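Peer 1: Need a 3D model of the following:
(one chain, ligands or ions: 1)
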Amino acid sequence: MMVCEYKPGLEGIPAAESSISFVDGQKGLLEYRGIRIEELAQKSTFLETAYLLIWGELPTKDELSAFEEEVNMHRRIKYRIRDMMKSFPESGHPMDALQASAAALGLFYSRRDLHNPAYIRDAVVRLLATIPTMVAAFQLMRKGNDPVRPHDELDYAGNFLYMLNEKIPDPLAAHVFDVCLILHAEHTMNASTFSARVTASTLTDPYAVVASAVGTLGGPLHGGANEEVIQMLEDIDSVENVRPYIEDCIQRKAKIMGFGHRVYKVKDPRATILQNLAEKLFTKFGHDKYFDIAQEMERVVEEKLSHKGIYPNVDFYSGLVYRKMGIPTDLFTPIFAIARVAGWLAHWKEQLAENRIFRPTQVYNGRHEASYIPIEKR
Ligand code: CMC
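Peer 2: The predicted model follows:
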C-alpha cells in the first residue's frame with residue numbers, strides 16, 4: 001500500500017472529485033459550475049444559484065418557477081419543531097439551535113430511498129425552505145415572541161428578513177441580502193463541506209448531513225469568523241487605533257479575523273463584491289464608522305502582510321453588511337448556513353452519485369506493548 005505523507009489540515013490533499021465549484025487562489029477566481037461569481041452576483045438570484053449548484057445547470061424559466069413555488073410552499077415548519085425550539089435556552093447559540101432543528105427534521109422525513117430523484121428533490125426543497133424559517137423562529141422565540149409566518153408574496157431573501165424583523169424589508173436590503181446568500185452558497189472543499197461529504201458517504205439521511213455540516217461551520221476558524229470581525233471592529237473603535245492593533249496582533253502572532261485563507265493568496269473575490277454592497281448600503285442608510293475602520297484595516301494589513309498572501313476573506317465585510325441591516329451578530333453564522341445549505345446539498349448529491357465511504361488512515365504515534373496497571377497502583 002502506498003504510504004502518503006501526513007499533512008496537518010489535509011492541506012493540498014484532494015478529498016473528492018467535484019464539478020460544483022472552482023477556486024483559483026492565485027488569481028482570486030471563484031466559479032460555480034463554471035460561471036464566475038461576479039456574474040452570478042450581478043444577474044442571478046439565490047434560489048436560481050442553488051438550483052445551478054444542485055442540478056448542475058441553470059434552470060429554464062419553467063423549471064425555476066416550479067422550484068421557487070415548491071420552496072415557497074414548504075417554508076412553514078411543523079408545530080412540533082417549533083415547540084421543540086421553544087424549549088431551547090434563550091442563551092443558547094443560534095447555530096446550536098439550528099443544528100438541533102436541522103437534525104430534528106430528519107425525525108419526520110428520514111431515510112427513504114436515497115437514489116429516488118423524488119426523495120432527493122423533496123429533501124432539497126424542505127431543507128432550503130425551512131432552514132431560514134428555523135433561524136428566524138429561534139430569533140423571535142428567544143426574545144419571548146411567537147415566530148412569524150412566512151410571507152407568500154416575498155422572495156427567499158425578502159421573506160427571511162421579514163420573518164426576522166416582522167416588517168417588509170427595504171428592496172435594496174433584500175437585494176443585498178440575496179447577493180450575500182449567493183456569495184456564501186458554495187466554496188469547494190472547505191471544512192463543513194468535507195464534513196457533509198463524510199456524513200453523506202455513510203448513506204445517512206440528508207438532514208443528518210446538513211446537521212453535521214452546520215456543527216462544523218460554527219467554529220471561529222470557519223463560518224464563525226464574521227462574528228469575531230464585528231467584535232474586533234468594536235474593540236478597535238477608531239481609525240487611529242487600527243495600526244497599533246494590527247502591529248500588536250503581528251507581534252503576538254495572533255490571527256486577524258476576516259483575513260487570510262487556505263486557498264486565496266490574493267483578495268477573496270467575494271470580499272470585493274461585499275465591500276461594494278456595503279458601500280451601497282451605507283450610502284442609502286447612513287455612514288458607519290466601522291466601515292472606515294475596516295477599510296483602514298485592509299490598507300494596513302496589505303502593507304504588513306501581503307507578502308504572506310494575507311488579504312480580506314469573505315467574512316471581513318459580510319458582518320458589516322448584516323450589522324447595517326440590524327441583524328444580531330450571533331445570527332451571522334446561521335445566515336452563512338442558510339446560504340451554504342445549497343452547496344452542502346450539491347455535494348451530498350454528488351457524493352451519492354459515486355459513493356465510497358470515507359475511511360482515511362492515520363499515522364499512529366502512540367505507545368506499543370504498554371501494560372495495564374491496576375488502579376490501586378496508578
Ligand atoms: N492574521 C495574521 N496572520 C495570518 C492570518 C491572519 N488572519 N492568517 C494567516 N496568517 C499567517 C500565519 O500567522 C502564518 O504565518 P507564518 O507562516 O509566519 O507562521 C501564515 O499566515 C499561514 O497561516 P496558517 O494559519 O498556516 O494558514 P491556514 O491556511 O492554516 O489558515 C485561516 C487559514 C483562514 C484558518 C487563517 O487565515 C485564519 O485563521 N484567519 C482568521 C480567521 C478567519 O478569518 N476565518 C475565515 C476564513 S474564510 C471563510 C471560511 O472558510 O469559513
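Peer 1: alpha carbons only for contacts and neighbour counts from here, please
Peer 2: Will do.
Peer 1: how near is the residue positioned nearest the centre of the chain to residue 136?
Peer 2: Centroid-nearest residue in the chain, with Cα atoms, centre = their mean: residue 336, separated by 3.2 Å. Counting by Cα to Cα, to the nearest Å, the separation of residue 336 from residue 136 is 13 Å.
Peer 1: ditto for residue 95
Peer 2: Residue 95 sits at a distance of 12 Å from residue 136 (criterion: Cα to Cα).
Peer 1: Give me the phi and psi angles of the closest residue to the ligand within the stretch 51-200 of the chain.
Peer 2: Proximity of the stretch 51-200 of the chain to the ligand (Cα to the nearest ligand atom) peaks at residue 190, 6.2 Å away. Main-chain torsions, residue 190, degrees, to the nearest 10: phi -80, psi 180.
Peer 1: Next one: it, what pLDDT does it get?
Peer 2: Listed pLDDT for residue 190 reads 93.
Peer 1: repeat for residue 44
Peer 2: At residue 44, the predicted lDDT confidence score is 98.
Peer 1: Which positions in the biggest helix by length in the chain come out as buried?
Peer 2: For the chain, the helix with the greatest residue count under DSSP state H is helix 117-142. Buried residues in helix 117-142, counted by 16 or more other Cα atoms under 10 Å: 120, 123-142.
Peer 1: from the middle of its chain, how far away would stretch 274-294 be?
Peer 2: Taking the mean of its C-alpha atoms, stretch 274-294 sits 22 Å from the chain's own mean (Cα atoms, centre = their mean, to the nearest Å).
Peer 1: Now look at it and say if it contacts the ligand.
Peer 2: No - against the ligand, stretch 274-294 shows no contacts by Cα under 6 Å from any ligand atom, the least distance being 13.3 Å.
Peer 1: which residues sit against that stretch?
Peer 2: For stretch 274-294, the external contacting residues (Cα atoms under 8 Å, 6 or more residues apart in numbering) are 172-173, 176, 180, 233-234, 236-239, 242, 314, 316-318, 320-321, 324.
Peer 1: low-scoring stretches of the protein, by residue?
Peer 2: 1-3, 111 (pLDDT under 70).
Peer 1: Which positions in it make contact with the ligand?
Peer 2: So the chain meets the ligand at 221-223, 225, 253, 255-262, 308, 313-315 (Cα under 6 Å from any ligand atom).
Peer 1: hmm, try it at 5 Å
Peer 2: Residues of the chain lying close to the ligand (Cα under 5 Å from any ligand atom) are 221, 222, 223, 225, 255, 256, 257, 258, 259, 260, 261, 262.
Peer 1: so how many other residues sit close to the closest residue to the third one other than its chain neighbours?
Peer 2: This points to residue 223. In space, and not counting its chain neighbours, residue 223 is closest to residue 217: 5.0 Å by Cα to Cα, 6 or more residues apart in numbering. For residue 217, the count of nearby residues is 25 (other Cα atoms under 10 Å).
Peer 1: quick one: which helix or strand includes residue 333?
Peer 2: Assigned by DSSP states H and E, residue 333 belongs to helix 332-353.
Peer 1: mind listing what's buried in that helix?
Peer 2: Residues of helix 332-353 classed as buried: 332-352 (neighbour count, 16+ other Cα under 10 Å).
Peer 1: then that helix to PDB, C-alphas only?
Peer 2: Output of helix 332-353 as PDB, limited to C-alpha atoms (Å, rounded to 0.1, in the frame of the first residue of the first chain):
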ATOM      1  CA  PHE A 332     -24.300  35.800  11.100                       C
ATOM      2  CA  THR A 333     -23.100  32.200  11.100                       C
ATOM      3  CA  PRO A 334     -26.700  30.800  10.900                       C
ATOM      4  CA  ILE A 335     -27.100  33.100   7.800                       C
ATOM      5  CA  PHE A 336     -23.900  31.700   6.400                       C
ATOM      6  CA  ALA A 337     -25.600  28.200   6.900                       C
ATOM      7  CA  ILE A 338     -28.800  29.300   5.200                       C
ATOM      8  CA  ALA A 339     -26.700  30.000   2.100                       C
ATOM      9  CA  ARG A 340     -24.300  27.100   2.300                       C
ATOM     10  CA  VAL A 341     -27.100  24.500   2.500                       C
ATOM     11  CA  ALA A 342     -27.200  24.900  -1.300                       C
ATOM     12  CA  GLY A 343     -23.500  23.900  -1.600                       C
ATOM     13  CA  TRP A 344     -23.800  21.100   1.000                       C
ATOM     14  CA  LEU A 345     -26.800  19.600  -0.800                       C
ATOM     15  CA  ALA A 346     -24.900  19.800  -4.100                       C
ATOM     16  CA  HIS A 347     -22.100  17.900  -2.500                       C
ATOM     17  CA  TRP A 348     -24.500  15.400  -0.900                       C
ATOM     18  CA  LYS A 349     -25.900  14.600  -4.300                       C
ATOM     19  CA  GLU A 350     -22.500  14.400  -6.000                       C
ATOM     20  CA  GLN A 351     -21.200  12.100  -3.200                       C
ATOM     21  CA  LEU A 352     -24.200   9.800  -3.600                       C
ATOM     22  CA  ALA A 353     -23.600   9.500  -7.300                       C
END
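Peer 1: So which elements touch that helix?
Peer 2: Helix 332-353 is packed against helix 46-55, helix 94-109, helix 117-142, helix 171-184, helix 191-200, helix 206-217, helix 225-236, with contacts defined by 3 or more Cα pairs under 8 Å, 6 or more residues apart in numbering; DSSP states H and E.
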